[in-house]
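*Asks:* Need coordinates for the below:
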Amino acid sequence: MMYCPAEIPSKPLAVPALAEVLAQFSENILLRDETGDLISYRNVLDIAQTKAFHATRRRLVMCVVNNDIGGIAGYLALLAANAVPMMVSPTISPTALDALIAAYRPDYVWLSQQDANRWPTAESQENQSGYALISLSNGSSAPELHDELALLLSTSGSTGSGKYVRLSHQNVWSNAKAIADYLALNADELPITTLPPSYSYGLSIIHSHLWVGAGLAVTGKTFFERDFWNFLREVKATSLAGVPYHYEILKKLRFARMELPHLSTLTQAGGSMSPELTQEYATHCKNKDMRFFTMYGQTEASPRMSYVSAEQAFAKAGTIGQPIPGGALELQSETGDVLTDAHVVGELVYRGPNVCLGYAEGRADLSLGDVNQGVLHTGDLAERDADGYYRIVGRQKRFIKLFGNRINLQDVEQQLSAIDVDAACSGRDDLLEVYLTAGSAAKALEVKKALMASLRVGAQGLAVYGLDALPRSESGKVRYVDLHPVKARLLA
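*Replies:* Numbering: from 1, shown residues only. Alright, predicted model coming up:
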């Protein structure tokens with residue numbers, strides 16, 4: 001079967017200003033929390049039009065926002081006021097926060113009032129729902145922001161890395177519309193927050209539902225807390241989102257036995273989930289007259305690039321699906337040639353109006369324009385089946401060479417997962433490091449022998465370590481940068 005790449009629109013999507021969207025749905029409730037507090041679309045527009053928020057127009061505002069209605073309402077008001085929010089995780093260390101402030105020189109900070117005492121001499125411009133807008137202006141000039149720049153998102157969650165993705169309004173809202181289209185969202189939807197606003201997946205849920213005039217049930221509680229489930233039932237939440245780690249937790253909590261009659265949609269993104277677990281949830285959702293969507297993306301794509309529809313969730317488990325509306329995917333060889341045959345591995349390349357402008361590592365980079373021109377080289381290796389569905393098979397940079405043989409670390413992890421071993425792999429050329437959770441010396445030796453046989457390497461090429469738990473980011477992804485022998489116990 002010859003593959004024909006999908007065409008993307010020759011003209012970018014005309015997106016209305018956020019203020020227009022807020023005005024369109026002004027009477028609708030946008031945010032609600034466990035205390036019964038409500039914030040409407042009109043309320044957010046009113047905040048955006050205050051003198052203090054109006055003064056943030058084309059200024060950089062660092063947003064240290066939790067999953068609460070005050071923080072989210074302020075973030076959206078800043079977008080509507082045409083400020084440039086820079087999303088920062090509240091769990092960031094003070095040292096990393098200081099480094100970000102030094103590198104980016106934000107004009108303002110939007111954060112909870114209880115944290116505002118970090119700047120006791122700074123001037124508070126506005127207080128709203130437990131949050132404060134603080135001016136950091138010290139009279140020194142900073143490079144101007146590019147006209148298209150709308151939002152900065154971190155590439156590394158709560159680690160405090162100075163590398164950020166530069167997004168335009170076109171990027172953000174074209175992706176929000178595409179997500180709303182393939183999920184068939186409308187104003188009656190009510191998702192419950194499960195992911196932090198500083199994480200692109202969590203933020204995209206806010207954006208896509210706002211696009212259609214829907215509300216959000218806002219909570220900082222987790223799956224492990226009874227109050228989360230009580231709130232979900234009380235407000236009759238219609239959807240729940242999670243990364244693979246969340247769905248592993250839900251299985252342990254016996255989610256399939258819960259009676260949640262108003263829950264109609266589950267979405268999964270943020271990393272690869274095993275085909276078996278995907279099929280388990282797809283079957284459960286079908287039996288409960290619910291929908292299950294697998295999605296794929298990166299922060300650089302605002303963030304969504306592909307999805308597997310609920311109808312294909314079981315049959316195409318293990319794939320990332322097909323491109324979102326308005327986007328296109330293709331595979332390229334190492335020399336840049338487009339690969340058109342099925343089941344041939346190449347780098348996954350995405351094209352669409354949601355591809356970011358580029359990266360930033362400091363204030364000077366915020367004056368740059370669009371360096372990507374709608375094209376994103378994902379760094380993921382993938383193959384396409386005869387039906388046009390893509391499957392990720394590895395990362396270009398997640399390889400090591402063991403005595404001349406190229407080893408895909410993701411393949412090794414999947415091999416261990418198939419024998420019920422919870423592990424993460426790292427290492428360097430000629431040494432594969434395997435990190436087990438709750439591993440005994442006997443289990444480690446068993447794993448080492450199995451890998452020696454399958455990889456055909458000697459004992460000197462393998463080291464197995466024990467950890468109490470794998471280091472994970474806010475999104476549940478394993479933080480490979482934190483895997484290091486000095487932080488673990490050598491078992492075999």
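*Asks:* can you count the residues close to residue 314?
*Replies:* Residues near residue 314, counting by other C-beta atoms under 10 Å, number 18. The C-beta positions use only the backbone N, C-alpha and C, and glycine is treated the same way.
*Asks:* Looks like it contacts residue 285 (just checking).
*Replies:* No - counting by C-beta atoms under 8 Å, residue 314 sits too far from residue 285 to count as a contact (9.4 Å).
*Asks:* Stretch 290-303: which residues count as buried?
*Replies:* Residues of stretch 290-303 classed as buried: 290-303 (neighbour count, 16 or more other C-beta atoms under 10 Å).
*Asks:* Closest to residue 400 out of these?
*Replies:* Set against residue 400, the nearest of these by C-beta to C-beta is residue 298 (23.0 Å).
*Asks:* Same question for the closest residue to the closest one other than its chain neighbours, what's its three-state structure.
*Replies:* Once flanking residues are discounted, residue 298 sits nearest to residue 378: 6.2 Å by C-beta to C-beta, 6 or more residues apart in numbering. Secondary structure, DSSP: H, G, I helix; E, B strand; the rest coil: residue 378 is strand.
*Asks:* Could you report the distance from residue 378 to residue 299?
*Replies:* Here the criterion is C-beta to C-beta, to the nearest Å. By it, residue 378 lies 11 Å from residue 299.
*Asks:* Then residue 383?
*Replies:* Where residue 299 is concerned, residue 383 sits at a distance of 24 Å (C-beta to C-beta).
*Asks:* At which residues are the helices of this protein located?
*Replies:* 18-24, 41-48, 51-54, 69-80, 94-104, 169-182, 200-211, 226-235, 244-252, 275-287, 409-418, 441-455 (DSSP state H).
*Asks:* Dump those to JSON lines, plus distance to residue 259, mean pLDDT and mean neighbour count.
*Replies:* Output for the helices of the chain, formatted as JSON lines (distance: least, C-beta to C-beta, whole Å; pLDDT from 0 to 100; neighbours: other C-beta atoms under 10 Å):
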{"stretch": "helix 18-24", "distance to residue 259": "35", "mean pLDDT": "94", "mean neighbour count": "18"}
{"stretch": "helix 41-48", "distance to residue 259": "32", "mean pLDDT": "97", "mean neighbour count": "21"}
{"stretch": "helix 51-54", "distance to residue 259": "43", "mean pLDDT": "95", "mean neighbour count": "15"}
{"stretch": "helix 69-80", "distance to residue 259": "27", "mean pLDDT": "97", "mean neighbour count": "25"}
{"stretch": "helix 94-104", "distance to residue 259": "43", "mean pLDDT": "91", "mean neighbour count": "15"}
{"stretch": "helix 169-182", "distance to residue 259": "28", "mean pLDDT": "97", "mean neighbour count": "23"}
{"stretch": "helix 200-211", "distance to residue 259": "24", "mean pLDDT": "97", "mean neighbour count": "24"}
{"stretch": "helix 226-235", "distance to residue 259": "9", "mean pLDDT": "97", "mean neighbour count": "16"}
{"stretch": "helix 244-252", "distance to residue 259": "15", "mean pLDDT": "92", "mean neighbour count": "17"}
{"stretch": "helix 275-287", "distance to residue 259": "13", "mean pLDDT": "96", "mean neighbour count": "17"}
{"stretch": "helix 409-418", "distance to residue 259": "31", "mean pLDDT": "85", "mean neighbour count": "17"}
{"stretch": "helix 441-455", "distance to residue 259": "38", "mean pLDDT": "88", "mean neighbour count": "16"}
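*Asks:* Out of these, which gets nearest to residue 339?
*Replies:* Closest approach to residue 339 among the helices of the chain (C-beta to C-beta): helix 409-418, 19.9 Å.
*Asks:* ok, and what's touching the closest one?
*Replies:* 272, 274, 393-395, 398-400, 422-427, 432, 434, 447, 451, 454-455 (C-beta atoms under 8 Å, 6 or more residues apart in numbering).
*Asks:* Hmm, residue 314 and residue 294 touching each other?
*Replies:* No - applying C-beta under 8 Å as the test, residue 294 and residue 314 come out as separate, 10.5 Å apart.
*Asks:* which neighbours do those two share?
*Replies:* What both residue 294 and residue 314 touch, as defined by C-beta under 8 Å, 6+ apart, is the set residue 278.
*Asks:* Show me this protein divided up by domain.
*Replies:* Dividing the chain into domains by automatic domain parsing, as the record does, gives the ranges 18-391, 398-490.
*Asks:* among these, where is the model least confident on average?
*Replies:* Of all the domains of the chain, mean pLDDT reaches its minimum on domain 398-490 (a mean of 84).
*Asks:* can you tell me the distance between the two ends of that one?
*Replies:* 22 Å (C-alpha to C-alpha, to the nearest Å).
*Asks:* what does stretch 153-172 give?
*Replies:* One end of stretch 153-172 sits 11 Å from the other (C-alpha to C-alpha).
*Asks:* Just list the residues touching residue 38, thanks.
*Replies:* Counting by C-beta under 8 Å, 6+ apart, residue 38 makes contact with 29, 31-32, 69.
*Asks:* and residue 273, how many neighbours?
*Replies:* 22.
*Asks:* Now do the strands in the stretch 201-350 of the chain.
*Replies:* In the stretch 201-350 of the chain, the strands defined using DSSP state E, counting those that start in this stretch lie at 216-217, 239-242, 265-268, 291-297, 304-308, 322-323, 328-332, 338-339, 346-351.
*Asks:* Cool, thanks, signing off.
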